[in-house]
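Trainee: my questions are about this predicted structure, shown below with the sequence.
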Amino acid sequence: MMKARELAFKVLMDVEENKSYADMALKKYLDKFRLDSRDRALVTELVYGVIERKNTLDYVIVSLAKKGTKPDLRVLNLLRMGIYQIMYLDKIPPRAACDEAVELTKKYCGIGPSKFVNGIIRTYLRNGVKFPDENLQPVEYLSLKYSYPEWMVERFLKDYDYDFVKSFLEASNQKPDVSIRVNTLKTDVDGLTTALEGQGIEVKKGKYAREALYVYGIRGIDKLDLYKNGLFQVQGESSMMVSHLLNPEPGEFIVDVCSAPGGKATHIAQLMENKGIILARDLYEHKLALIQKNCERLGIKIIKTQLYDARELDQHMVNKADRVLVDAPCTGYGVIRKKPDIKWSRKPEDEKELVSIQHQILNNAAKYVKSGGLVVYSTCTITYEENMGQVERFLHENKDFELESTTSFYPHIHGLDGFFISCLRRK
Ligand SMILES: C[S@@+](CC[C@H](N)C(=O)[O-])C[C@H]1O[C@@H](n2cnc3c(N)ncnc32)[C@H](O)[C@@H]1O
């Protein structure tokens, strides 16, 4: 039988070798091998933890290994897992973490590498490792203490002060509580709360969105009949605020130009009481299929999906919509706590390209709204260039629009995913 650490190792290898998304790889392996709930929790913790803390763990390993040693990826991942448990998991005795790492290395890589792993972990247990000084080397300190690439720390420090960045980095390492959006087309907050509690699930009300609930102690949320029957959608609370600020009314025509997998579009349909039309577009066919699946499950009839590249202006759509949503592709720094792989997959040069795409998409999409209509521009990131900078440039280039409101959420301030939401009214 596959044990927790061995499974976590397989998932980590899948993520690095095949560039799989951590959440998908984790789900694939957890679905394939039946583990009890404690082991499932340990696998999840190890996978996300090792990804989240990768550069700190590698710093420890490099500091302790002989200069020039380059362990192969399997050895490296087993070492990372061992050291992670010792550094961050109080419940696991260091000896157990070390012995398991050595045993797994023996099994997958042979005796020689297992001695290397044993040596590194034991030296760490004896001597620890010295980290950079916070005052003398603040960027290096933040990068290693909270495990982010140095360039990313520097990037955040360009827009925010040191204490803000420090709190943001720390909060983005915390696993968020799971939030769901009650599907008011099929039930209501009290009805769903009672049904969930009836299954032994702890439920708390959201802080900002009226249909948001936080649920605790669920394993495999998509296996619940309440989910399969479309009584709720899993969604972050700040993401729900986007559709609220769009404020759609029943009977309207809404265009959502970057809509997959349909979290916000299905919420909009709900707010419209399933009356009107929502044109939900995306660049990828397979992602549009996810929207359709969600619509079937949630009982939504008014969403029409369409493959369309939002960088291209659609002349037929000009002046047609009551409201337009531009939930733009972005660097995603606001959702690192849900997708820690962003820390390592994102590259410094991505931002510039995304800013250019966002600019094109927003300028086109804004033309689709009627006079007096509303465009909502949102991102799940925190950089000035992608957020307020983008809006300021838009207003400068489009004098027929005025800024109605901007709202920002941050994990360390609101306890929610980082989001930026701007409402732009066409005069
Ligand atoms: C932030 S996600 C949208 C999330 C979605 N609104 C929701 O709430 O579930 C951005 C989406 O934009 C899509 N996208 C990226 N480039 C695009 C383009 N040029 N045209 C249309 N969609 C694009 C991506 O495929 C992705 O699904």
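Mentor: Sure thing, it's come through. Numbering: from 1, shown residues only.

Trainee: next, the distance between the ends of stretch 196-210.
Mentor: Using CA to CA, to the nearest Å, the end-to-end distance of stretch 196-210 comes out at 17 Å.

Trainee: next one: it to chain centre, how far?
Mentor: Centroid separation for stretch 196-210 versus its chain: 21 Å, with CA atoms, centre = their mean, to the nearest Å.

Trainee: ok, which residues in the stretch 301-427 of the chain are in contact with the ligand?
Mentor: Contacts of the stretch 301-427 of the chain with the ligand, taken as CB under 6 Å from any ligand atom, map to 309, 310, 311, 327, 329. C-beta here means a position set from N, CA and C on the backbone, and glycine is covered the same way.

Trainee: among those residues, name the buried ones.
Mentor: Buried members of those, scored by 16 or more other CB atoms under 10 Å, are 310, 327, 329.

Trainee: let me know the closest of the residues you listed to residue 365.
Mentor: Among those, residue 310 lies closest to residue 365 (CB to CB), at 6.3 Å.

Trainee: returning to what we had before: how about the residues of the stretch 301-427 of the chain next to the ligand in CSV, adding secondary structure and pLDDT?
Mentor: As requested, those are exported to CSV (DSSP: H, G, I helix; E, B strand; the rest coil; pLDDT from 0 to 100):
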residue, secondary structure, pLDDT
309, coil, 98
310, coil, 98
311, coil, 98
327, strand, 98
329, coil, 98
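
Trainee: tell me the one of these nearest residue 321?
Mentor: Nearest to residue 321 among those, counting by CB to CB, is residue 310 at 13.2 Å.

Trainee: can you list the residues of the stretch 101-250 of the chain near the ligand?
Mentor: Counting by CB under 6 Å from any ligand atom, the residues of the stretch 101-250 of the chain close to the ligand are residue 239.

Trainee: residue contacts, residue 102?
Mentor: For residue 102, the contact set (CB atoms under 8 Å, 6 or more residues apart in numbering) comprises 114, 117, 118, 121.

Trainee: now name the helix or strand holding it.
Mentor: Assessed by DSSP states H and E, residue 102 sits inside helix 94-109.

Trainee: what's the offset of that helix from the middle of its chain?
Mentor: In terms of CA atoms, centre = their mean, the centre of helix 94-109 is found 31 Å from the chain centre.

Trainee: can I get the following helix or strand past that helix as CSV, trimmed to CA atoms?
Mentor: Next along the chain after helix 94-109, taking DSSP H and E as the criterion, comes helix 111-127. Extracted in CSV, the C-alpha atoms of helix 111-127 (Å, rounded to 0.1, in the frame of the first residue of the first chain):
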residue,chain,number,x,y,z
ILE,A,111,22.0,3.3,-1.1
GLY,A,112,24.5,6.0,-2.1
PRO,A,113,21.9,8.8,-2.3
SER,A,114,20.2,7.6,0.9
LYS,A,115,23.5,8.1,2.8
PHE,A,116,23.7,11.7,1.3
VAL,A,117,20.1,12.4,2.5
ASN,A,118,20.8,11.0,5.9
GLY,A,119,24.0,13.2,6.2
ILE,A,120,22.2,16.4,5.2
ILE,A,121,19.2,15.9,7.4
ARG,A,122,21.4,14.9,10.5
THR,A,123,23.7,17.9,10.0
TYR,A,124,20.6,20.2,9.8
LEU,A,125,19.3,18.7,13.0
ARG,A,126,22.7,19.2,14.7
ASN,A,127,23.7,22.6,13.5
